[in-house]
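>>> Below: sequence and its predicted model.
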Amino acid sequence: MLTVIHTFNGPDADRILGEVRTGIRSVDNIQGFKFASVNKQENTSDIMLFSKWESLSAYENWANTVGENKAFKSSTPQIFEVLEEKY
């Protein structure tokens, strides 16, 4: 399982947030998607998308669907292999 973190920032947080929300709406049809959370940092315009995926190929299938989304195009994802989780 993978955790993927995208960090977005810019002068127009409302536009970026709209683009991020548009991008994650497309996960409904992607097999291997597990979870997504959109977060806004306190006192800044930084936005973070935290997502979980069954495999790298599942994430890449989704990433190909948001390729022209300006927010995602400008963000380099950090990809982590999940070693352990506790709920």
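Everything's here; your move.

>>> C-terminal to the longest helix belonging to the chain, what's the next element?
As assigned by DSSP state H, the longest helix anywhere in the chain is helix 13-25. Using DSSP states H and E, the helix or strand that follows helix 13-25 in sequence is strand 33-40.

>>> before we move on, back to that, report all helices and strands that the longest helix of the chain contacts.
strand 2-8, strand 33-40, strand 47-53, helix 70-73 (3 or more CB pairs under 8 Å, 6 or more residues apart in numbering; DSSP states H and E). The C-beta positions use only the backbone N, C-alpha and C, and glycine is treated the same way.

>>> Kindly recompute the last result at 7 Å.
In terms of contacts (3 or more CB pairs under 7 Å, 6 or more residues apart in numbering; DSSP states H and E), helix 13-25 is packed against strand 33-40, strand 47-53, helix 70-73.

>>> The residue most central in space within the chain: what's it in contact with?
The centre of the chain sits closest to residue 49, judged by CA atoms, centre = their mean, with a distance of 4.0 Å. Neighbour list for residue 49: 6, 20, 24, 36, 38 [criterion: CB atoms under 7 Å, 6 or more residues apart in numbering].

>>> Brilliant, that's me finished.
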